[in-house]
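Enquirer: give me coordinates for this.
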Amino acid sequence: MVTVDVERRTSRARIAVSAMFLTNGAIFANLVPRFPELKTELALSNTNYGIVVAAFPIGALVAGIAAGAVIRRLTSARTTLRRARSTFRASARRGTSKRANCAPPPRSPDRPRAKMCSARRSAAATNS
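Expert: So this is what the prediction gives:
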C-alpha cells in the first residue's frame, strides 16, 4: 500500500516537472523569434541588445541557485504552483493590456522613432 502511494506521488511529480519544462520551453520558443523585432521596437544598440540576450542565462543561473532555498522552505509543489500562477498572471496582464503591442518612445533624438501603436496614433490624432 505504501509503495503504491509513493509510486503515484513520484509519477505525479514527474508529470508536474515535465509540464513546467514544457511551459518554460513554449514561453522561450515564442520569445526567441521576436528578438530582432524587440531590438528594433525598443531601439536597442547592438551592445544593449547583447546585454539583454546575455541576461537570460545569467538570470537562470541566479534563479537555479536560489531555487534550492525556496524549495526547502515552501516544498517543490508549492514553489511550482506559485511560479506557474505568477507566469500565467504576467502573461494575462501583458495580453490584455491596452498598450500590449505598443513600442515605447525612443530614448534619445538620435535614435529612429519607433512605430506608434493604434492607441497612441488615435490619441495623437485627437490632440492635434
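Enquirer: can you give me the end-to-end span of stretch 25-41?
Expert: 24 Å (CA to CA, to the nearest Å).
Enquirer: tell me the mean pLDDT over the helix or strand where residue 21 lies?
Expert: In the assignment (DSSP states H and E), residue 21 maps to helix 2-31. Average pLDDT, helix 2-31: 82.
Enquirer: how distant is it from the center of its chain?
Expert: From the chain centre to the centre of helix 2-31 is a distance of 19 Å (CA atoms, centre = their mean, to the nearest Å).
Enquirer: what helices and strands are in contact with it?
Expert: The helices and strands touching helix 2-31, judged by 3 or more CB pairs under 8 Å, 6 or more residues apart in numbering; DSSP states H and E, are helix 76-96. Yep, even glycine has a C-beta here, placed from its N, CA and C like the rest.
Enquirer: what comes up buried for the helix it packs on?
Expert: Across helix 76-96, burial judged by 16 or more other CB atoms under 10 Å covers 80, 83.
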